[in-house]
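Q: Here is my input, please return the structure:
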Amino acid sequence: MALSIEDYGFIGNCETGALVGRDGSIDWLALPRFDSPACFAALLGESENGRWLIAPEGVDTTVERRYRDDTLVLETRFKTPGGTVAIIDFMPMPKGDENAFETISLVRLIRGESGVVPMRFEAVFRFDYGRIIPWVRRHERGLRAIAGADALILDTPLPVEGRDMKTVAAFTVAAGEVIPCVLTWHRSYRPEPPRLDPLRALSATEDYWRKWAQRFDDAALDGYPVWSQAVRRSLLTLKGLTYAPTGGIVAAPTTSLPEYIGGVRNWDYRFCWLRDATFTLYAFLLSGYREEAAAWREWLLRAIAGVPAETQVMYGLRGERRLPEYELPWLGGFHGSRPVRIGNAAHTQRQIDVFGEVLDAFYSAQLHGIEPEDDVRHVQEALLDHLEGHWQLPDSGIWEMRGPEQRHTHSAVMTWVAFDRAVKSVEAFGLAGNAERWRALRDAIHAEVCTRGYDRERGVFVQHYDSHALDAALLRIPLVGFLPANDPRVVRTAEAIARELTVDGFVMRYRTEEAPDGLPTGEGSFLICSFWLADNFALMGRFREARALFERLLAIRNDLGLLAEEFDPRAKRFLGNFPQAFSHVGLINTAHNLLLPEGPADRRSAQ
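A: Numbering: from 1, shown residues only. This is a model prediction of the structure:
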């Protein structure tokens, strides 16, 4: 039976990551970076697209799995009638002279714990998302697979052999035995990398993650051990989704996991969105991770450097701007959800709200002591000059709709944020510029939103000007300080969303049947939106409702504490790309909003 999204665990090394199923199969791995073509792509089709299975023979097996303490080292334990075996999966942190070696390794340790367990090994090595079958030959370490610029070395003592274009082995593991399997990718035209000692690598990898986790400042969560554990796991996941060489944070390590099973809302999320900037800053800063917050701010600055008119909503891990979208027809898609897409055409859209997010991120970073470089001031001034002449344009909005552009209310609110933070930057930090003109623009935008983005008959804010549709993005109005949370218009909007835009209490982005987004209807609830609703309740002082919703969100995490982009409340399953950085950012910030005297929502709205 095909696995569900929640059946996967995530391992990574801050450059790329892999998804490991509870059946012992690695079904997704892109090499050498998150956004590279996949070596294992069975997640998006048949196993022949690339996978690596190590599991007991037979089906009478009980599976337990966990992360080893505060790490991204995953341990899957199989209990069989004949004994128990554990598979320990991890990716060592890259190191060494990059000029000589550019390598990524994935280690699988097979450890017998009791009895004697018959095992099977099956590896299907493929490149370019399952399209290229490499040339596989025996190697002094085991096997070597090569095609074009890519090479894999499988280092293992197992008696592997080729069969039907696969690498297979049948073996047993007894109590006390540890059998290593190390898969190392390298450039085929570079020297082969040195052999990896898997047990030393395990120790070093665990040490790295534990030391990183020790920096977590969990004083605010004292007395809430379940919440503290959830936040800690979310922070580790967020760190694992960081591309260490640049500080960029990938939205998710996967592409085309569907927002609706069998549907076409399948997008590539292996990029960095500007929209995540301020929320991510607060998630790191309030948890004690100042270095990560500063690195993210620096990535942001480099990515948007240039002409403001060319600012995009998303960039590649290293700041790449060309992210062309195309389809892979040879992949059948997750549970038949097609097409499978690589790249993201939304990078060409106009989404005016990102200017507010960027300016708020710069302001928030400086407010919390992350001093800007001179370039930050120049970039801010250039962005504001551009926005002055373009804030009234229609756009595709926060949800990147592929239908007609509109004057989205949320986008207008975020242009208000841009000029509001500009005024405050002049007052607090001496940013050059005409504060009086920016203040006048801020006030004009505020008045326009409260008139054209507001349905007087219903008493609620609406998705776009002169419409009647609700939109979960309107929950951000009090979170960014546009209006206080106890303003009757805000209260009525939040209550309407909670009443009309939820399924079993989980918030939808909008009603797809009502919005002209250019795509067929149907999708799950967006988890970040449910966190925003909890934040609204907290700001209103309705802590019982906020905590109840937060607890429900914690309860839908998978057994490893991970969240996807969406949740199907009816089928009780994850949807969308996984694990999703923004969902984990929402968890971290909402926990702080519920426990800190001044949580991130309170701090941001009071700026």
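
Q: what about the helices in the protein?
A: Taking DSSP state H as the criterion, the chain carries its helices at 198-214, 225-240, 277-285, 290-304, 353-367, 374-388, 409-429, 435-452, 476-479, 488-500, 527-539, 543-555, 581-595, 600-605.

Q: what is the rounded mean pLDDT of the shortest one?
A: Averaged across helix 476-479, the pLDDT comes to 96.

Q: Flag every buried residue along it.
A: Residues 476-479 are the ones in helix 476-479 that count as buried (16 or more other C-beta atoms under 10 Å). All C-beta atoms are positioned from the backbone trio N, CA, C, and that covers glycine.

Q: will you turn these into a markdown table that also has distance to residue 112?
A: Output for those, formatted as a markdown table (distance: C-beta to C-beta, whole Å):
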| residue | distance to residue 112 |
| --- | --- |
| 476 | 52 |
| 477 | 57 |
| 478 | 56 |
| 479 | 51 |
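
Q: Scan the protein for its longest strand.
A: In the chain, with assignment by DSSP state E, the single longest strand is strand 104-124.

Q: List the strands paired with that strand, with their directions.
A: Strand 104-124 has the following sheet partners, assigned by DSSP bridges: strand 51-56 (antiparallel), strand 83-90 (antiparallel), strand 166-174 (antiparallel), strand 178-187 (antiparallel).

Q: Tell me how far the last one lies from the chain's centre.
A: For strand 178-187, the separation from the chain centroid amounts to 26 Å (computed by C-alpha atoms, centre = their mean, to the nearest Å).

Q: With only the CA atoms kept, save it in PDB.
A: Output of strand 178-187 as PDB, limited to C-alpha atoms (Å, rounded to 0.1, in the frame of the first residue of the first chain):
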ATOM      1  CA  VAL A 178      25.700  -3.300  13.000                       C
ATOM      2  CA  ILE A 179      25.800  -3.300   9.200                       C
ATOM      3  CA  PRO A 180      26.700   0.000   7.600                       C
ATOM      4  CA  CYS A 181      25.400   1.300   4.200                       C
ATOM      5  CA  VAL A 182      26.900   4.600   3.100                       C
ATOM      6  CA  LEU A 183      25.700   6.300  -0.100                       C
ATOM      7  CA  THR A 184      27.900   9.100  -1.300                       C
ATOM      8  CA  TRP A 185      27.200  11.500  -4.200                       C
ATOM      9  CA  HIS A 186      30.000  13.300  -5.900                       C
ATOM     10  CA  ARG A 187      30.800  14.900  -9.200                       C
END
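
Q: Apart from its neighbours in sequence, what residue is nearest residue 370?
A: Counting by C-beta to C-beta, 6 or more residues apart in numbering, residue 370 lies nearest to residue 294, which is 5.1 Å off, once chain neighbours are set aside.

Q: roughly how far is stretch 553-563 from the heart of the chain?
A: Centre-to-centre, stretch 553-563 and its host chain are 14 Å apart (C-alpha atoms, centre = their mean).

Q: separation between the residue lying closest to residue 336 once chain neighbours are set aside and residue 337?
A: Spatial nearest neighbour of residue 336, excluding adjacent residues (C-beta to C-beta, 6+ apart): residue 262 at 5.6 Å. Residue 262 sits 6 Å away from residue 337, going by C-beta to C-beta, to the nearest Å.

Q: With neighbour numbers in mind, choose between the two.
A: When neighbours are counted by other C-beta atoms under 10 Å, residue 337 comes out ahead of the other of residue 262 and residue 337, with 21 against 12.

Q: mind checking how far the nearest residue to that one once chain neighbours are set aside is from residue 387?
A: The shortest distance from residue 337 to any non-neighbouring residue, by C-beta to C-beta, 6+ apart, is to residue 258 (3.6 Å). For residue 258, the distance to residue 387 equals 35 Å [C-beta to C-beta].

Q: Please identify which of those two sits among more neighbours.
A: The residue with more neighbours, out of residue 258 and residue 387, is residue 258; 26 against 21, by other C-beta under 10 Å.

Q: from what I can see residue 294 touches residue 371, true?
A: No. The criterion here is C-beta atoms under 8 Å, and residue 294 misses it with residue 371 at 9.3 Å.

Q: what stretches of the stretch 301-450 of the chain score poorly on pLDDT?
A: 373 (pLDDT under 70).

Q: mind redoing it with 90?
A: Along the stretch 301-450 of the chain, the parts satisfying pLDDT under 90 run over 301, 305-309, 362-381, 400-404, 426-435.

Q: Please report the number of neighbouring residues for residue 229.
A: For residue 229, the number of neighbouring residues by other C-beta under 10 Å comes to 15.

Q: Verify the stated contact: it with residue 561.
A: Yes. Taking contacts as C-beta under 8 Å, residue 229 lies within contact range of residue 561: 7.4 Å.

Q: roughly how far apart are residue 506 and residue 531?
A: According to C-beta to C-beta, residue 506 stands 11 Å off from residue 531.

Q: between these two, which one's more packed in?
A: Taking other C-beta under 10 Å, residue 506 and residue 531 do not tie; residue 531 has more neighbours (28 against 22).

Q: If we ignore the residues flanking it in sequence, what's nearest that one?
A: residue 586 (3.3 Å).

Q: Just confirm the one you found contacts residue 279, I think it does.
A: Yes. Using C-beta under 8 Å, residue 586 makes contact with residue 279 at a distance of 7.4 Å.

Q: returning to that earlier point: what's the overlap in contacts for residue 229 and residue 561?
A: Common contact partners of residue 229 and residue 561 (C-beta atoms under 8 Å, 6 or more residues apart in numbering): none.

Q: Residue 32 - how many residues pack around it?
A: 16.

Q: ditto for residue 240
A: Residues near residue 240, counting by other C-beta under 10 Å, number 24.

Q: My read is that it contacts residue 17, right?
A: Yes. Using C-beta under 8 Å, residue 240 is in contact with residue 17, at 6.2 Å.

Q: got any residues that touch both of these two?
A: Both residue 240 and residue 17 are in contact with 10-11, where contact means C-beta under 8 Å, 6+ apart.

Q: what's the closest non-adjacent residue to residue 557?
A: Closest residue to residue 557 apart from its sequence neighbours, by C-beta to C-beta, 6+ apart: residue 563 at 5.7 Å.

Q: With residue 221 instead?
A: residue 228 (3.9 Å).

Q: residues contacting the one you found?
A: 218, 221-222.

Q: Flag every buried residue along stretch 229-243.
A: Here stretch 229-243 shows 230-243 as buried, counting by 16+ other C-beta under 10 Å.

Q: pLDDT and distance to residue 519 for these - can I get that in TSV?
A: Output for the buried residues of stretch 229-243, formatted as TSV (pLDDT from 0 to 100; distance: C-beta to C-beta, whole Å):
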residue	pLDDT	distance to residue 519
230	97	33
231	97	34
232	97	37
233	98	33
234	98	30
235	97	34
236	98	34
237	98	29
238	97	29
239	97	33
240	97	31
241	97	26
242	96	31
243	95	29
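
Q: Tell me how many other residues crowd residue 366.
A: As a burial measure, residue 366 scores 18 neighbours (other C-beta under 10 Å).

Q: where's it relative to residue 251, distance?
A: 25 Å.

Q: Please apply the same query to residue 544.
A: 32 Å.

Q: Looking at those two, which one has more neighbours?
A: Between residue 544 and residue 251, counted using other C-beta under 10 Å, residue 251 has the larger neighbour count: 24 against 9.

Q: Next up, the contacts around the nearest residue to that one once chain neighbours are set aside.
A: Leaving aside its sequence neighbours, residue 251 sits nearest to residue 269 (C-beta to C-beta, 6+ apart; 4.2 Å). Contacts for residue 269 were tallied using C-beta under 8 Å, 6+ apart; they are 250-252, 254-255, 344, 565, 577, 580.

Q: Just put those in CSV and tack on distance to residue 491.
A: As requested, the contacts of residue 269 are exported to CSV (distance: C-beta to C-beta, whole Å):
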residue, distance to residue 491
250, 36
251, 31
252, 33
254, 37
255, 39
344, 36
565, 28
577, 33
580, 29
